[in-house]
Structures are given as C-alpha cells and as structure tokens.
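Enquirer: Quick one, fold the following:
(2 chains)
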Amino acid sequence: MSEPKCILLAEDNPLDIEMTVNALETNHVANQIVVVRNGALALDYLYARGEYAGRTSAKPALILLDIKMPLVDGLDVLKIVKNDETLQSIPIVMLTSSREEADLVRSYKLGINAYVVKPVNFQGFVDAVKQLGVFWTVHNELPESFRKAE
Amino acid sequence: MFSLRSSIRRKLMTMLLLTSGAAVTLTAVSYCAYEYFTFRRAIITQISLLGEVIGLNSTAALAFDNAEDAEEILSGLRADRHLTAAALYTPAGKLFARYPATLPFDRLPSMVLADGHRYTRAGLESFQPVLRDTTRLGTLYLQSDLGALYERMRLFLVVGITVVAASFGASYLLTRSLQQQISQPIVALHDTARAISERQDYSVRATIESDDEVGQLTSAFNHMLDQIQRLNVELEQRVAERTTELQVANQELEAFSSSVSHDLRAPLRHIGGFAAMLQTHASSALDDKGRRYLTVIQESVGRMGHLIDDLLDFSRHSRTELRRQAVVLDTLLEQIRQSVLPEQANRCVTWEVAPLPIVAGDEALLRQVFANILSNAVKYTRRREEARIEIGVHPSSAGEAVVFVRDNGAGFDMKYVDKLFGVFQRLHADDAFEGTGVGLATVRRIVQRHGGRVWAEAKVEAGATFFIALPMIVTAVGAIPISTPKVHP
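Expert: Alright, predicted model coming up:
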C-alpha cells in the first residue's frame, strides 16, 4: 500500500486549526494534514496552481471545510469540487460552528458527504474528528474507477 | 297592502295608484249618489206637474160626472211610457176613471190615501187633489215605474266605471314615468353600493341624478367612499411599510442569532478545547487545585454551550414557519416518554397515561414542548422515593384540547408563577435542579404560536401540574384513564 493520501483542512481560525490537528493526532490518524487558510487556497491546492503549482502528491483522501472563510467560503469550494468530474469523488465534510438550517440545506443540495457542528465540548470535538478521519480515510469505500484514475 | 321586501319602485307605484284610484272611485260614487237623489226629486216634481195638468183638464168631466171624458183625458198619459197607471176618484173615494182603460182593478189602490207621494214596490205613487177654485172635485192617482231612474243610474254606472278605469290607466302610465324620478336615484345608489360590497372595488362612484335629499345622500355616500378608498390606500401603504420594517428586523435578528451562534461559540470552543488540551498536556504538573480549576472551566464552557444552544433554539422556534398537521398525541407522548426513560434509571416512577386527543400542530415543535414538560416532570420528582407522573385530558371548551402533566415532585411557590415561563427565569437553585431557564419559555413560545395557552399550578414540595391547551381536531373516544405503571426498581 502506498503512502496514505493527505487530509486537506481549510480553516481560517488558527486556534481551530490547532485544535483540529491536535484532535487528529490524538486519535493517531496517520494521514498527513495539509492546512490552507481560505477557500481560494484550498482550490489552488486541489488544482495544483498558484502557491501549489507543481504539486505532485495525490489528491486528498478527505477535505474538511470550514463553512465561513474569507475570500472563497466553504460552500463555494464545495460547489466547485462537486461540479468537477475529476474531484467530485473526494469526500467533503463541512465543519461549522452552528447548525444553521439554511447552510445545512444548501450544503446537502450541493452534495456534501457530512455536515458536522463543532461541539463546544472538547472531548466531543476530539471524538467527532476521530470518527471523521477514520471513517472517511480508512473505512469508506470509493468507486473502483476513482481509485484507478489516481 | 304590500310586502316590506318589495322594491321601492313597486311600493311607489302601488301607493300612487291606490291613492289616485281611491280618489277617483270616491268621486264617482258620490256623484252617482248625488244624481240618484236629485233625479228622484226631479221625478216627483215632474209627476206633480203632470198631475196638476191632468187635474185641471179633468175638472169638467168630474163636475159633469162624465167618466168617458175623464178616461179620454187620462189616455193622454200614453205620452209618458214610464207612467204605468192612473185613476180618478170621486171625493167619496169611488173609482171614477182609470188608465189604461183595461187595467185590472186589483192593480189600483183599494182606497184613496192622503195627498202626497210615496215610493212603493210598484214605483212612485202620488195622490193629488183635483180642485176647482177651492172646491175638491176628486182625487187623481198616478203611478210611475222607476225605469227612468234605473236607466239613468245604469248610464251613470257605465260612465263612472269607464272614468275610473280610464283615470286608473292614465295614472298608471303617469305614475310609471314619474315614480322613476324618485326611485331611479335610490335604485342607482343601491346598485352602486351592492357592486362595491360584492367586488370590494372602492373606486366606483354613484352618479348624482337629482338635487334633492337623495342627491345629497348620494353625494355623502360618494364622499364616504373617497374616505374609505383613501384610508384603504393608506392602510395598504402602512402595512407594506410595516412588513418591510418587520422583514428588515427579522433579517437583523437572523443575522444576530447566526452571529451569536458562530461568534460566541467559537471562543467558547477554544476556551474549552485549550483547557482540555492543557489538562492532557500538563495534568501531571498541576496540583489538585489546579486540576479542579481546569475542570470547572470546562464544565462552565459546557454550561454556556447549552445556554447558547437553548437560546438559539428559542429564537429559531419564534421564527420558523409552522407546518401544521394532525398530531396524534398518544403516539407522540409515548415516544417522548420512552426517550426520557434513561433519565429515570434506578428510580421508581409510576406513569399514568390517559387516552389523548389528536391536535392540529407542528409535530417537531410539539415534540419539543412535551419533551420539555416530561423531562421536567422526571427531573423535579428526582427526590421522591415513589415518583408519580400523570398525563391526562382536562375538560375544556369546544375546539380546544387541554392536556395536563401532573407530577408529585418539588413543585414551586405560586407567588412566582408569573416568572415560570420567562426566559432565563428559574425557580430552583442550580445545585438543586440543573437547568438553563429556557425550556419553559420555549414551551410557551411554541404553544402561543399554535394559538394555544399554557399555564401551571403547583405547591411547594407537593408537585406541579402543567396545562397545555391546543387547537383540537378529534376528541379522544372515551377518557377513561388507562393505568400503565412502569416501575423501575
């Protein structure tokens, strides 16, 4: 088995980044974590352009998207990725601070794979991140065609 | 005479025709009566004159006792065809001559009566003296039938009826065209008023057709329409303004609640998260006190998280649209009861649930209402060795279902009942019974949005009863409480 693919974390809040990374590490999620600070950078990474021009590593195994980010927000990224045939199989999890019905509805319409409200309670947060990381990177089965395309 | 429901046109016609008809008929009848009596007097005058002429002519015949001459003279009466009989009597009362000569005797009076005229069955009879100078030579009897009177009356009747009929017809034609001058403006006003009330179109105006009271009424009516139209426009404008203001306020509220949920939760999450990380990272470097401080920080973070969530729920329930449907309370409450069972683990709680009605409401929101109430009942009976929770239907007015939830728990002082349903209002200390003080406020908000009511009765340490009144669809068939005790040893 080749080196595990990375997890792309698009999050603008440095404290949330630190907590998410800590939670993933605490849970021994082995995937490399690539952190970008806004939606535009997330797209640059996915399309290997701008700052990430010349990226040769495989596409991420999972994208964790904060819904509210400067420049290009989570919903914009979600829309572009899910409309792109080469990217649409990457599971995307929306991480948000609150359960706003309108955001939830829009996310599901755009084809989100999971929608997670970051719990205030840290242990809950750790558990949630652990489940996400493990489920989407280890247990989840992607279509054969997608793997071959890699 | 005429129904109150008939149209004003018909009423006017009837009134005018009856009035003119009565006047003409009365005139005709009085004229006929006058003619009748005048003619009767005229016949008497005529017969007296005739009698005097015949009397004068007969004096010689009577004086010379010449009956033939007398009959000859009497036969001259032929000229008057209404004169049916005549006779001359001697002063002794003996029949001297008669007319017609062949008249049977029994058609003549058997005896001479006093001078004068009288109407009898045969017609008019008259006895007149036959005098020469002052000497009475005999008595003349004349009998006339009343054919002339009858003929004349018949003529009058025909003329009278014709006049009445003609004037009736004429007044009908006149009335029909003249009454329109009065009824037309009223009818036009009525038609306009009806058109307005049917179409709700206040731009229509009634045309003023006369300058009288009806014209003034129409003008006043139009003036009122102006006002209504103006007020309507103003009202619509005001409603539109208010709606816009409300929409803006609602958007602001939504933005506010979204910012509360995001912006307040994020730092809170960081406080909790980093406190937890510190605990894992430096737990061994801290003494017991330090570790407790960290625990308190995390617990307080959890509590504040709950408060924010509850507050958001509360504001969301005030904004989201109700999706009304039939809600079977039996099923709903049983599901909720099952979901609160874990809260009463290791406790002895007896549930008594009566059949419940079907109400009209938003199932998700009503679930929240009863979940709050049942979970409160379980919470506040925590200190009872044998807790008892009763769910039933309270008698109520039609169209409304009042469900009550009664417990034998801690209860509360009715002095503070006003505060019970307020946001962040609590009647128990946090260390006695935990809570955020938002649950019952949410309950009241949801029930009020359903057009219902909620109230409570309680006594300190003697339990509380919560009543929830909701619009009802179907009444429960029979309200015999079914005891379903669930005892958890």
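
Enquirer: quick check, stretch B:266-278 touching chain A?
Expert: Yes - on the criterion C-beta under 8 Å from any C-beta of the partner chain, stretch B:266-278 is in touch with chain A at B:266, B:268-270, B:272-277. For every residue, glycine as well, the C-beta is placed using N, CA and C.

Enquirer: ok, now which ones touch B:Val417?
Expert: Residues counted as contacts of B:Val417 (C-beta atoms under 8 Å, 6 or more residues apart in numbering or on different chains) are B:456, B:458.

Enquirer: how close does it get to B:Ala456?
Expert: 6 Å (C-beta to C-beta, to the nearest Å).

Enquirer: Any regions of chain A where pLDDT drops low?
Expert: Within chain A, the stretches with pLDDT under 70 are A:1-3, A:138-150.

Enquirer: How about the residues of it by chain B?
Expert: So far as C-beta under 8 Å from any C-beta goes, chain A lies against chain B at A:13, A:15-16, A:19, A:22, A:26, A:68, A:96-101, A:118-123, A:125-126.

Enquirer: all strands for the chain, in order.
Expert: Here I'm looking at chain A. Under the criterion DSSP state E, strands of chain A are mapped to A:7-10, A:33-36, A:62-66, A:92-96, A:114-117.

Enquirer: actually chain B
Expert: B:83-89, B:95-99, B:116-119, B:124-132, B:135-144, B:325-328, B:349-353, B:358-361, B:387-394, B:400-407, B:453-458, B:464-474, B:482-483.

Enquirer: Pipe the ones you listed into a markdown table and attach mean pLDDT and distance to chain A per row.
Expert: As requested, those are exported to a markdown table (pLDDT from 0 to 100; distance: least, C-beta to the nearest C-beta, whole Å):
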| stretch | mean pLDDT | distance to chain A |
| --- | --- | --- |
| strand B:83-89 | 90 | 120 |
| strand B:95-99 | 88 | 129 |
| strand B:116-119 | 88 | 113 |
| strand B:124-132 | 90 | 116 |
| strand B:135-144 | 90 | 118 |
| strand B:325-328 | 88 | 19 |
| strand B:349-353 | 90 | 29 |
| strand B:358-361 | 88 | 19 |
| strand B:387-394 | 91 | 30 |
| strand B:400-407 | 92 | 28 |
| strand B:453-458 | 92 | 25 |
| strand B:464-474 | 84 | 24 |
| strand B:482-483 | 40 | 38 |
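
Enquirer: neighbouring contacts of stretch B:365-377?
Expert: Here stretch B:365-377 makes contact (C-beta under 8 Å, 6+ apart) with B:313, B:317, B:322, B:327, B:329, B:332-333, B:335-337, B:339-340, B:343, B:359, B:389, B:405, B:407, B:409, B:439-440, B:442-443, B:446-447, B:449-450, B:464, B:466, B:468, B:470.

Enquirer: run the last query once more with 7 Å
Expert: Residues from elsewhere that reach stretch B:365-377 (C-beta atoms under 7 Å, 6 or more residues apart in numbering or on different chains): B:317, B:327, B:332-333, B:336-337, B:340, B:343, B:389, B:405, B:407, B:409, B:439-440, B:442-443, B:446-447, B:466, B:468.

Enquirer: swap in stretch B:5-13?
Expert: Residues contacting stretch B:5-13 (C-beta under 7 Å, 6+ apart): B:2, B:175-176, B:179, B:182-183, B:186-187.

Enquirer: low pLDDT regions in chain B?
Expert: In chain B, residues with pLDDT under 70: B:1-4, B:258, B:261-262, B:473-489.
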